[in-house]
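A.B. asks: Below: sequence and its predicted model.
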Amino acid sequence: MRKNRKNNSRTWGNRICIAAFLLTCSLMLGGCGVKKEKEADSELPKIVIGMDYFEPYSYQASDGEYKGIDVELAKEAFRRLGYRPKFENIVWEDKDELLADGTVDCLWSSYSMNGREDKYQWAGPYLYSRQMVVVKNESEIQTLSDLKGKRIAVQATTKAEDLFLHNIKSDLPQMQQVNCFSTTNEIYAALRKSYVDAIAGHEAMLGSLVKEGKDAYRMLDESIYKSELGVAFKKGTHEEVAADLTETLKKLQREGITEKIVTKYGLDADEILPEGEQNE
């Protein structure tokens, strides 16, 4: 009986040793897999993306990590195409020079294709960008037609300025005043102090004001302008990459990934997703 007990104890001891050995091997192999995956990623060809701080499309968090709608789309799209994206926060006024000298390979930061169709090699469009109007919550202005004879503030050199000055053909009513300011903070202050009846600009920019102001402001339902967003490469270069990227962005939309990302950052996917690409 003692002999049997001794043999049994040895058997259980062997089983424990074997199990421990297999677990160790599994962990080692798993670690090797992660390491190899990271090494494989680092060996992928790098593509440098020039971006501006334009929340929620592209920006740097306090920890230095790049975030936003465009950042997430770029990571997923280029991963599928076999590239390793590197984001560079650039001075946006220098974008064409940086693109021309090869400092960056492309521009991806809520960049409108409209009026620039022949200036770059484009991938897209992948989203629409809307110009909107915001008023104080207690304002009697409910529709764009209610703006007739009112005072509005816009940022200088923007689509909103051209639209309300009728430099771009539109059906917008004639305003009493179109006040053009250098910064967004100035147009916010103009509305807050009631120097103007409304302000106009990019949906994402004005959306932040409405959100932070809680019940102080509201956005009109109608858009004054829709532009197509794309990824800009230097003219005459990256033709194949741009074509493949366009198709990949369409696939991301059909798979519902674009909608998920857009919604995550608080925008209305139904309003800014291109038509004709339905979820699979």
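C.D. replies: Received the coordinates, thanks.
A.B. asks: How about the secondary structure of Thr263?
C.D. replies: What DSSP: H, G, I helix; E, B strand; the rest coil gives for Thr263 is helix.
A.B. asks: Spatially nearest residue to it, not counting backbone neighbours?
C.D. replies: Closest residue to Thr263 apart from its sequence neighbours, by Cβ to Cβ, 6 or more residues apart in numbering: Ala269 at 5.4 Å. For the C-beta atoms, the positions are set from N, CA and C on the backbone; glycine is no exception.
A.B. asks: now the strands for the chain?
C.D. replies: 46-51, 59-60, 66-67, 84-89, 106-112, 121-136, 151-155, 177-181, 198-202, 217-219, 225-233 (DSSP state E).
A.B. asks: Spit out the contact partners of Tyr57.
C.D. replies: 68-70, 109-110, 204 (Cβ atoms under 8 Å, 6 or more residues apart in numbering).
A.B. asks: Do I have it right that Glu140 meets Asp146?
C.D. replies: Yes - when contacts are counted by Cβ atoms under 8 Å, Glu140 is listed as touching Asp146 (7.0 Å).
A.B. asks: Could you check which of these two has the larger neighbour count?
C.D. replies: A side-by-side neighbour count of Glu140 and Asp146, using other Cβ atoms under 10 Å, places Asp146 first with 17 against 9.
A.B. asks: Val133 versus that one, what's the distance?
C.D. replies: Per Cβ to Cβ, to the nearest Å, Asp146 is found 10 Å from Val133.
A.B. asks: now do Arg192
C.D. replies: For Arg192 relative to Val133 (Cβ to Cβ), the value is 16 Å.
A.B. asks: The two: which is more packed in?
C.D. replies: Legend: neighbour count by other Cβ under 10 Å for Arg192 and Val133, higher for Val133 (27 against 15).
A.B. asks: For that one, name its beta-bridge partners.
C.D. replies: Beta-bridge partners for Val133, by DSSP bridges, are Ala200.
A.B. asks: Could I get the pLDDT score of Ile168?
C.D. replies: For Ile168, the model assigns a pLDDT of 86.
A.B. asks: isn't it right next to Ile224, touching?
C.D. replies: No - counting by Cβ under 8 Å, Ile168 stays clear of Ile224, with 9.8 Å between them.
A.B. asks: More neighbours: the two, which one.
C.D. replies: Applying other Cβ under 10 Å to Ile168 and Ile224 shows that Ile224 carries more neighbours, namely 21 against 16.
A.B. asks: measure that one to Gly230 for me?
C.D. replies: For Ile224 relative to Gly230 (Cβ to Cβ), the value is 21 Å.
A.B. asks: before we move on, what about Val210?
C.D. replies: The span separating Val210 from Gly230 equals 27 Å under the rule Cβ to Cβ.
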